[in-house]
Each structure stands twice: as C-alpha cells, then as structure tokens.
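Colleague: When you get a sec, could you give me coordinates for this:
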Amino acid sequence: MKTALLLQTLEQQLARLQTRIAPQATHATLSARFDRQLFRTRSTQMQAYLDEAQANFHELKHAVEQQKLPQVAWLAERLTAQLEAISRESEAWSLRVWDSASPGLRRWQRKRLETQDFERRLLEMKQQRQQQYQQAITLDDQQRLAREITAFDGRIARCQQALQEIERVLARMTR
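Modeller: Here you go, the predicted model:
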C-alpha cells in the first residue's frame, strides 16, 4: 500500500513538473544545469531532464512489480532527488537569462548557413570562370580569367576558415 501511494505521488509530481516546465522545456543553456551524477543526459534542455526522470519512474514501477527492493529504494531516492532538482531549476529559470544559448545558437547556425551558401556560390563562380578559361582564345582573356580564378581560390579558402571557426563556436555552445 505504501508503495502504491509513493508511485501515485511521484506520478503526480511528474505531471505537475511537465506542465510547469512547458514554457522552458526546449530552452537550451550554455552549461549543464545539473551534476552528471544526478542526470546522465548531456542535453541542457529541461525536457531531456524530465524525460530521464520519467524513464526512471517507469524503471521504478517495473522494479516494484518484480519486487526488487534494493533497486526500488535506489530508484525512488534518485527519482525524488531528480524531481526536486527539476523543480528548483524551474523556479530559478527566470534568473538564468544570462545563460541562454537559444538566441546566440540560432544566430551562429544562421551564420553557418549563410556562409555555406556563400561558399557554394563562390565554387559555382569559380567553376564558371574555369570553363570560360578553357574556352578563352586571347592571352588577355586567359590572364584575366586566371587572376579571377586565383581570387576565387582565396575567397573560398577564407570562407572555409570562417566555416571552421563557426563550427568550433557551435561545438562549444552545444557541449
């Protein structure tokens, strides 16, 4: 009877937390919200933490059904600690605006897409000039096109360096 009441209480807490964190469920942060010993997930979104807690709740129900008492005790304690941590974090969320990754992350992802598009257009223009170079008849046209192709090579190299830097920034932001 005690176990059934505990499971019901935990299920109700999970449901309340689900509705409470709904506005911030997919909001990512720059750093982990919780200790790695409390949550295994590497995500910084509240929904991922709640999903892990729900998975632990299902494991707890399964352990209760199979009457594995040491596992029940450990899972109940862990789940309670997780629910308390999620609850505290959801209450303190408004104080963590400085830790927001969402606007910056979107900006860097948009910058990556723009740079990739720019690289694609540069490659197309270079290819077009190479075709013109192969068909050029006069020496002046060949020299002019060779200079343009060299200039495109430099632009493409700088574009690729920028893409590498953007990827490094994105990797740091999503760690």
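
Colleague: In the protein, where is pLDDT below threshold?
Modeller: Applying pLDDT under 70 to the chain picks out residues 1, 27-31, 93-103.

Colleague: can you list the domain ranges for it.
Modeller: Following the assignment in the TED database, the chain carries domains at 1-97, 103-174.

Colleague: if you skip the residues just before and after it, what's nearest to the most centrally placed residue in the chain?
Modeller: Closest to where the C-alpha atoms of the chain average out (Cα atoms, centre = their mean) is residue 174, at 4.9 Å. Once flanking residues are discounted, residue 174 sits nearest to residue 105: 7.2 Å by Cβ to Cβ, 6 or more residues apart in numbering. All C-beta atoms are positioned from the backbone trio N, CA, C, and that covers glycine.

Colleague: Any idea how many residues pack against that neighbour?
Modeller: Look at residue 105: counted by other Cβ atoms under 10 Å, it has 16 neighbours.

Colleague: If you count neighbours, what's buried in the one helix or strand it maps to?
Modeller: Take DSSP states H and E as the rule and residue 105 turns out to sit in helix 102-135. For helix 102-135, the neighbour count (16 or more other Cβ atoms under 10 Å) marks 105, 108, 112, 115, 119, 122, 125-126, 129, 133 as buried.

Colleague: And the next helix or strand past that helix?
Modeller: helix 139-173.

Colleague: where's residue 170 relative to residue 54, distance?
Modeller: From residue 170 over to residue 54 the distance is 29 Å, taken as Cβ to Cβ, to the nearest Å.

Colleague: And for residue 13?
Modeller: In this view, residue 13 and residue 54 are 11 Å apart by Cβ to Cβ.

Colleague: can you list residues touching both of these two?
Modeller: Among the neighbours of residue 13, none is also in contact with residue 54 (Cβ atoms under 8 Å, 6 or more residues apart in numbering).

Colleague: quick one: the residue nearest to the centre of the chain and residue 104 touch, right?
Modeller: No - using Cβ atoms under 8 Å, residue 174 makes no contact with residue 104, being 10.9 Å away.

Colleague: I appreciate the help and will end here.
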